[in-house]
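**Q** Following is a predicted model, sequence given first.
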Amino acid sequence: MAQKFHIKKNDAVVVISGSHKGKSGKVLEILGAKQRAVVEGVAMIKRHLKKSQENPQGKIAEREGSVHVSNLMLQSRHDTSKRAKKTVEAKS
């Protein structure tokens with residue numbers, strides 16, 4: 001049976017804890033077995049690619065890594081919660 005998460009693909013989410021706290025983006029993919037999600041623009045990873053037919057020079061490609069589902073909150077819930085108010089006060 002597939003696991004059920006509080007977020008799904010294409011949801012707008014905010015990272016609420018961890019090294020990427022405060023960043024937000026759209027969920028691109030859910031990795032159910034590892035309980036992780038790939039979020040657009042969050043947890044960027046640099047991948048060094050060898051010289052090949054497509055990349056004659058080789059290159060360093062950047063792509064999204066995954067974030068644990070427990071560290072994510074729906075954008076709509078975050079905006080109405082006390083968390084959003086605290087981050088606004090902290091930035092002021």
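**A** Received it, and whenever you're ready, just let me know what you need.

**Q** beta partners of residue 24?
**A** residue 14 (DSSP bridges).

**Q** pLDDT at it, what is it?
**A** The model reports residue 24 with a pLDDT of 94.

**Q** Can you report how many residues lie near residue 43?
**A** By the criterion of other C-beta atoms under 10 Å, residue 43 has 20 neighbours. All C-beta spots, glycine's among them, are computed from the backbone N, C-alpha and C.

**Q** Might one say that it is in contact with residue 64?
**A** Yes - using C-beta atoms under 8 Å, residue 43 is in contact with residue 64, at 6.1 Å.

**Q** Remind me which helix or strand residue 46 belongs to.
**A** In this structure, residue 46 sits in strand 44-49 according to DSSP states H and E.

**Q** So which elements touch that strand?
**A** Contact analysis of strand 44-49 by 3 or more C-beta pairs under 8 Å, 6 or more residues apart in numbering; DSSP states H and E lists strand 59-64 as its packing neighbours.
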